[in-house]
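Undergrad: Fold the stuff below for me.
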Amino acid sequence: MNKDILICGVGGQGTVLASKIIAASAMEEGHPVHSAETIGMAQRGGSVTSHVRIGADAFAPMIPFGSAGLLLAFEPGEAVRNLKYLRKGGLAVVNTAITKPVTESLKESGYSGKVMAEYLERKCACIFVDAEEACKPFGSTRFFNIILLGVAAGSGHLGIRKETVLKQIEKYVPPKYLEINTRAFEAGIKIAESETAK
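TA: Next comes the predicted model:
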């Protein structure tokens, strides 16, 4: 298997953990993996991009433009900014709930996730997930990274077995949060299955 996966969002959303779980899952299935993160100036609120390259064809950790088969976007503006990495025929899994940048909070220019979603829908195949809505049963949006992993696994575009990803979640998540994270992962799989059934 050869697959390039780009994960993007802002600091504090759990993008780095998601990329580590994907990389560990691919290695568990015997694939060589290269990965790299670029982290914005602010720990919380700054842009975060993770490159995960799986397979023998990847000789460097950074994904070339137009090569990613899967884009996991934790924030719609970041999805638009990183769309250049997605290849033709690739899938974008996008959170529609916005995280306002500091400049927007100060100026209120009308930054809208709806506009971003409409643009993305014109450009590529998408599965849209509203983090706030998806996380309601779990009481916190901090489980959204695991939900998004479930969507990726359930879509079939991740290229890694669901059971393998769940096994790595068990390794990375503290035991007291494992049950709720397992349910979050399963909820993501159901979202993907309902979207692909349309």
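Undergrad: buried ones in the top strand by length along the chain?
TA: As assigned by DSSP state E, the longest strand anywhere in the chain is strand 86-95. In terms of neighbour count (16 or more other Cβ atoms under 10 Å), strand 86-95 has its buried residues at 86-87, 90-95. For every residue, glycine as well, the C-beta is placed using N, CA and C.
Undergrad: Paired strands for the helix or strand hosting residue 34, with orientation please.
TA: Assigned by DSSP states H and E, residue 34 falls within strand 33-39. Using DSSP bridges, strand 33-39 pairs in its sheet with strand 47-54 (antiparallel).
Undergrad: same question for the strand it pairs with, mean pLDDT?
TA: For strand 47-54, the mean pLDDT works out to 94.
Undergrad: what does stretch 12-27 give?
TA: Averaged across stretch 12-27, pLDDT comes to 95.
Undergrad: quick check: longest helix of this structure.
TA: Using DSSP state H, we find that the single longest helix of the chain is helix 178-196.
Undergrad: Run through who's touching the strand holding residue 34.
TA: Outside of strand 33-39, the residues within contact range by Cβ atoms under 8 Å, 6 or more residues apart in numbering are 11, 16, 19-20, 23, 26-27, 46-54, 58-62.
Undergrad: so how far is it from its chain's centroid?
TA: Chain-centre distance of strand 33-39: 14 Å, with Cα atoms, centre = their mean, to the nearest Å.
Undergrad: What subset of the contacts of strand 33-39 is buried?
TA: Neighbour-count burial (16+ other Cβ under 10 Å) applied to the contacts of strand 33-39 gives 11, 16, 19-20, 23, 26, 47-54, 58, 62.
Undergrad: ok, the nearest residue to residue 79 once chain neighbours are set aside - how many residues close by?
TA: Counting by Cβ to Cβ, 6 or more residues apart in numbering, residue 79 lies nearest to residue 73, which is 3.3 Å off, once chain neighbours are set aside. Around residue 73 there are 29 other residues, counting by other Cβ atoms under 10 Å.
Undergrad: Against residue 142, how distant is residue 73?
TA: 17 Å (Cβ to Cβ, to the nearest Å).
Undergrad: and what of residue 120?
TA: With Cβ to Cβ as the criterion, residue 120 and residue 142 are 24 Å apart.
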